[in-house]
Every structure is written in C-alpha cells, then in structure tokens.
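Participant: Predicted coordinates and the sequence they were generated for:
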Amino acid sequence: MTQEGSPETSGSSDAVTASASGAEITTTDCRQCGAKVSGLNNRYACSYCGWVNHWAEGSTNLPSAEDDLDHPGR
C-alpha cells in the first residue's frame with residue numbers, strides 16, 4: 001500500500017516527530033502475501049494479511065517501558 005505525498009504536505013505530525021527522533025521509514029515486501037509494506041526501523045505489519053515481523057528484526061533497540069510517557073510507574 002502506497003501513500004502519496006510527503007509528511008510535510010500530508011499534515012502528519014507523527015511522521016515529522018519520527019524523523020526528528022532518529023526513526024527511519026523503511027519499506028519491504030510482505031513475506032506472506034507479497035504486498036509492499038512500510039514501517040519504522042525495519043519493523044513491519046501488513047494490513048492486508050496480518051503478517052508481522054518479529055520485533056528483534058528491527059534495526060534499533062526498542063525503548064524500555066519506563067521510557068514510555070504513559071507508563072503507570074511515572
């Protein structure tokens with residue numbers, strides 16, 4: 001699935017925030033159905049068939065629960 005336009009023109013604040021935090025938007029083919037999927041830092045989920053790659057296949061470390069602003073312990 002492809003979305004036209006850049007984050008600046010589409011008004012997506014999430015995409016702008018992601019690029020400011022060092023996240024990289026990456027694209028690959030779904031291993032199950034072959035659809036083109038995009039994700040952050042090599043972490044993907046296919047909206048067509050439900051395939052999701054393992055979190056460890058990503059290219060960056062995931063933040064800890066304590067780093068989450070909504071974590072109950074904060």
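Facilitator: Arrived safely. Numbering: from 1, shown residues only.
Participant: Hmm, residue 57 is touching residue 43, no?
Facilitator: Yes - using CB atoms under 8 Å, residue 57 is in contact with residue 43, at 7.2 Å. C-betas here are computed from N, CA, C, even on glycine.
Participant: Looking at those two, which is more packed in?
Facilitator: Set residue 57 next to residue 43 and count neighbours by other CB atoms under 10 Å: residue 43 wins out with 18 against 10.
Participant: Please name the residues that touch the more buried one.
Facilitator: 53, 55, 57-58 (CB atoms under 8 Å, 6 or more residues apart in numbering).
Participant: which residues sit against stretch 66-74?
Facilitator: Residues external to stretch 66-74 that are found in contact with it (CB under 8 Å, 6+ apart): residue 65.
Participant: And for residue 28, the neighbour number?
Facilitator: 13.
Participant: ok but it is inside a strand, no?
Facilitator: Yes - assessed by DSSP: H, G, I helix; E, B strand; the rest coil, residue 28 belongs to a strand.
Participant: and it, what is it in contact with?
Facilitator: Residue 28 sits next to 36-37, 39, 42, 44 when contact means CB under 8 Å, 6+ apart.
Participant: just curious, which of those residues is nearest to residue 25?
Facilitator: Nearest to residue 25, judged by CB to CB, of the contacts of residue 28 is residue 39 at 7.5 Å.
Participant: Just put the contacts of residue 43 in TSV and tack on pLDDT and secondary structure.
Facilitator: Output for the contacts of residue 43, formatted as TSV (pLDDT from 0 to 100; DSSP: H, G, I helix; E, B strand; the rest coil):
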residue	pLDDT	secondary structure
53	95	coil
55	89	helix
57	92	helix
58	90	coil
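Participant: All set now, cheers.
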